[in-house]
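Enquirer: this one's structure only:
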């Protein structure tokens, strides 16, 4: 079995360092992971570009749904240009129609803007009523990787849908609730080539209660934990070692 790529989502400089030291293979670079991930700042992109791991930047200009206005699409095009200028490896994109299906026109525009960069479709696909049709659209657009929880709160809960989404020309990368303890489930049920996790633990309460009280830090804030990254990397290595060759 070839190496299972471990992608870790991070939203700060400490997360970049923890992911690298724990043995991650790739970074999903975000701001505001507590909101599901937004477009990272120019400064964080610059830090990631200096690091040892390839980084794909989230392209999401606001929290909420993935139904984008014309102005938001223009903002995302500018954000993709900033990713390219920063020298990062790629982008993570998504766009939905009001019915939850993927928005082909917006995605085609963003994919064209990202030409030459690595492209992942994010969990907008988890809102799609027909996941197989969504995967077919990704293949037509040239998107070769989809991050998904199988339309459920966690990937373990959505495993049956993830199984149905598999196809030879688009990688299904499970994400949400992935840990060292459950990684083997995905290797058993999927042709697992890559996996996505936060490997995060709760941040201690701020020493100054005003930090939380004023809304400068959410009460449920978390941070990337190098030990959790290392444990998941070890679990994946053990899965690889136990798998028959070929």
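Expert: Noted; the coordinates are in hand. Note that this is a predicted model, so its numbers are computed, not measured. Residues are numbered from 1 along each chain as shown.

Enquirer: any weak-confidence spans in this protein?
Expert: For the chain, the stretches with pLDDT under 70 are 1, 245-246.

Enquirer: longest strand of it?
Expert: Secondary structure of the chain per DSSP state E: the longest strand is strand 5-10.

Enquirer: partners of it, with directions?
Expert: In the sheet, strand 5-10 lines up against strand 26-29 (parallel), strand 194-197 (parallel) (DSSP bridges).

Enquirer: most packed of these?
Expert: Most buried of the strands paired with strand 5-10, by mean neighbour count (mean count of other CB atoms under 10 Å): strand 26-29, with a mean of 27. For the C-beta atoms, the positions are set from N, CA and C on the backbone; glycine is no exception.

Enquirer: in the helix or strand following that strand, what counts as buried?
Expert: Elements were assigned by DSSP states H and E; along the chain past strand 26-29, the next helix or strand is helix 42-50. Neighbour-count burial for helix 42-50 flags 44-45, 47-49 (criterion: 16 or more other CB atoms under 10 Å).

Enquirer: so how far does stretch 151-159 reach from one end to the other?
Expert: One end of stretch 151-159 to the other measures 9 Å (CA to CA, to the nearest Å).

Enquirer: how far off centre is it?
Expert: 15 Å (CA atoms, centre = their mean, to the nearest Å).

Enquirer: which parts of that stretch count as buried, going by neighbours?
Expert: If you call a residue buried by 16+ other CB under 10 Å, then stretch 151-159 has these buried ones: 151-152, 155-156, 158-159.

Enquirer: identify the residues contacting it?
Expert: With contacts defined as CB atoms under 8 Å, 6 or more residues apart in numbering, stretch 151-159 is touched by 126-128, 131, 148-150, 161-162, 174-178, 182, 185-186, 189-190.

Enquirer: now do the strands in the protein.
Expert: Along the chain, the segments classed as strands by DSSP E run 5-10, 26-29, 55-58, 90-93, 118-121, 145-148, 171-174, 194-197, 200-202, 222-224.

Enquirer: quick one: the helices in the protein, in order.
Expert: Here the chain has its helices, by DSSP state H, at 13-22, 42-50, 70-86, 104-113, 131-141, 159-165, 183-189, 209-213, 226-242.

Enquirer: who are the packing partners of the fourth one?
Expert: Helix 104-113 makes packing contacts with helix 70-86, strand 90-93, helix 131-141 when contacts are defined by 3 or more CB pairs under 8 Å, 6 or more residues apart in numbering; DSSP states H and E.

Enquirer: what comes up buried for the last one?
Expert: By neighbour count, and taking 16+ other CB under 10 Å as the criterion, the buried residues in helix 131-141 are 131, 134-135, 137-138, 141.
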